[in-house]
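**Student:** need the 3D shape of this:
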Amino acid sequence: MSDISSMLSVQAYERLVTFADRSGFPALISRFPAGSLGANQLVDVLKQAITQEFEHNLSQQIYVAESAWQAVVDMKEQQCFVLEQLVTTLPIDAPGDLLVDALKTFLAADPNASIQPIVLELLKTEARNNLSRL
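**Tutor:** Down below sits the predicted model:
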């Protein structure tokens, strides 16, 4: 791989690390407080944020390993799926704060409930490997 290709790859991994971090549940709930939103509205806001972050980084798939990109896709889909499932466990008119509490409980019950930390570590490792080749 040429130095230019390696540098583009490292930059792509940097952007995907940012995506993985910003799309993680802790970052999402700190950036989008429930406020006066209902749980269903908050799910929509969070899913939209994840989707927009993902779409903003679609072109990065050109510069990263197929397995790394697939991990990013899987993470995006899992984050949205978890939100959709959690909101169905709440009363129809539940406030957003109740969704945040359910999400925190879900994550606390099983540290591996979200693949976000695993994807984040994979991306960091790939970036370091590419950086060491420069």
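**Student:** only C-alpha atoms for contact and neighbour calcs from this point on.
**Tutor:** Will do.
**Student:** check which helix or strand covers the closest residue to residue 126 other than its chain neighbours.
**Tutor:** Nearest in space to residue 126, with sequence neighbours left out and distances taken as C-alpha to C-alpha, 6 or more residues apart in numbering, is residue 13 at 7.3 Å. Element membership for residue 13, per DSSP states H and E: helix 3-22.
**Student:** ok now that helix, how far from the chain's centre?
**Tutor:** Chain-centre distance of helix 3-22: 15 Å, with C-alpha atoms, centre = their mean, to the nearest Å.
**Student:** quick one, longest helix in this protein?
**Tutor:** helix 66-88 (DSSP state H).
**Student:** and for residue 93, the neighbour number?
**Tutor:** Using other C-alpha atoms under 10 Å, the number of residues around residue 93 comes to 9.
**Student:** how about residue 127?
**Tutor:** By other C-alpha under 10 Å, neighbour count at residue 127 equals 22.
**Student:** wait, what's in contact with the spatially most central residue of the chain?
**Tutor:** Centroid check for the chain by C-alpha atoms, centre = their mean gives residue 23 as the closest residue, at 3.0 Å. Counting by C-alpha atoms under 8 Å, 6 or more residues apart in numbering, residue 23 makes contact with 49-50, 53, 76, 79.
**Student:** considering those residues, which possesses the most neighbours?
**Tutor:** Most surrounded of these: other C-alpha under 10 Å gives residue 50, at 24 neighbours.
**Student:** thought that residue was touching residue 76?
**Tutor:** Yes - Residue 50 lies in contact with residue 76 (C-alpha atoms under 8 Å); the separation is 6.7 Å.
**Student:** could you check how far the residue lying farthest from the centre of the chain is from residue 134?
**Tutor:** Computed with C-alpha atoms, centre = their mean, the residue of the chain farthest from its C-alpha average is residue 2, at 30.0 Å. According to C-alpha to C-alpha, to the nearest Å, residue 2 and residue 134 sit 8 Å apart.
**Student:** likewise for residue 116?
**Tutor:** To residue 134, residue 116 is 28 Å away according to C-alpha to C-alpha.
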